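*Asks:* got a structure for you, letters missing:
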């Protein structure tokens, strides 16, 4: 009787652990909110990346997976250095071919469908269905269509909506638009950011160690008429109320390569009327919950501690079951 009772208790404890593996045993998740991103493009990966490599905007990466990982690590840095606790994870990327919908125009029409998804136009529905099937398969919170160079589509990058819902969480990027500040800008629209949130200012600063010159600087959400000074640069920062920058900071032309802008004195990058950080921070958690990533297997996921407990329990059960045999 005692033997059966002990075995039952051990089995019950084992089932308890298996039943709630994430709560009891899983490693502690990071505090940062994670937005999972699906990236699709209209040509084979090596072909699609080749022109970016020739432009020298590939961060030294020659394979699509490594490039996108590095590119979105920079996007994450732009957000986190601005004080927005969010990380972007490229959960999946692949070349797509929707020519079965319209062989001649699918690449252009897909851009329009993603930008106008809320209208549910009949001509757009097959495209949205195809993209949503992929999105659901991989559990992506947002989808980015990285277009072919010179595909005849819109000349500008765009987001499906400013602070829209789950069914508008799309971005279409021109070929050069995969540049981190542009990507951060368009995702910023999905999170509710507007052009008017950005900062446009002037200060004396150097670019890549040249002589400091009076120049224009902008934060990521800014779209404005140039001030007419020497070549302006986008700081890889979002505006935040009361924030300043001084010293060396990542910057670039909007679609250009990464540079360093150096400020000898502090300059402002936000005030009560120009505060993208508060808006984006408030919305990031909502967007991160648009989709749940599918589990890699239909099995419980255990952290290291949980695995050791499982082994000990199984060992205990096995040892206990041997006792009656030894006595007999």
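*Replies:* Yep, that arrived. Please read all numbers here as calculations on a predicted model, not as lab measurements. Residues are numbered from 1 along each chain as shown.

*Asks:* quick one, helices of the stretch 51-200 of the chain?
*Replies:* Using DSSP state H, counting those that start in this stretch, the helices found in the stretch 51-200 of the chain span residues 64-81, 106-115, 125-138, 180-190.

*Asks:* ranking those helices by burial, who's on top?
*Replies:* Sort the helices of the stretch 51-200 of the chain by mean neighbour count, taking mean count of other CB atoms under 10 Å, and helix 180-190 sits at the top with a mean of 25. Where C-beta positions appear, they are placed from N, C-alpha and C, glycine not excepted.

*Asks:* So which other helices or strands are in contact with that helix?
*Replies:* Identification of packing neighbours for helix 180-190 by 3 or more CB pairs under 8 Å, 6 or more residues apart in numbering; DSSP states H and E yields helix 64-81, strand 142-146, strand 158-159, strand 170-173, helix 276-288.

*Asks:* Turn the helices of the stretch 51-200 of the chain into CSV, columns for distance to residue 151 and mean pLDDT.
*Replies:* Rendered in CSV, the data for these read as follows (distance: least, CB to CB, whole Å; pLDDT from 0 to 100):
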stretch, distance to residue 151, mean pLDDT
helix 64-81, 18, 98
helix 106-115, 5, 96
helix 125-138, 14, 97
helix 180-190, 17, 97
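
*Asks:* CSV please, covering the ones you listed and showing distance to residue 203.
*Replies:* Rendered in CSV, the data for those read as follows (distance: least, CB to CB, whole Å):
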stretch, distance to residue 203
helix 64-81, 19
helix 106-115, 35
helix 125-138, 42
helix 180-190, 18
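
*Asks:* returning to what we had before: so which of the helices and strands packed on helix 180-190 gets nearest residue 96?
*Replies:* With CB to CB as the measure, strand 142-146 is the member of the helices and strands packed on helix 180-190 nearest residue 96 (8.4 Å).

*Asks:* neighbouring contacts of that closest one?
*Replies:* Defining contact as CB atoms under 8 Å, 6 or more residues apart in numbering, one finds that strand 142-146 is touched by 35-41, 48, 110-111, 114, 131, 134-135, 169-173, 175, 177-178, 183, 187, 190, 287, 290.

*Asks:* and if you look at stretch 157-169?
*Replies:* Contacts with stretch 157-169, where a contact means CB under 8 Å, 6+ apart, come from 111, 114-118, 141-143, 170-174, 177, 182, 185-187, 189-194, 279, 283, 287, 290-291.

*Asks:* next one: stretch 244-253
*Replies:* Surrounding stretch 244-253, the residues in contact under the criterion CB under 8 Å, 6+ apart are 77-78, 179, 181, 207, 217, 231, 233-237, 258-269.

*Asks:* Can you go through the residues you listed and name the buried ones?
*Replies:* With neighbours counted using 16 or more other CB atoms under 10 Å, those contain these buried positions: 77-78, 179, 181, 207, 217, 233-237, 259-263, 267-269.

*Asks:* Look up the closest residue to residue 239, ignoring the ones flanking it.
*Replies:* Take residue 239 and drop its neighbours on the chain: the residue closest to it by CB to CB, 6 or more residues apart in numbering is residue 270, 3.9 Å away.

*Asks:* Cool, thanks, signing off.
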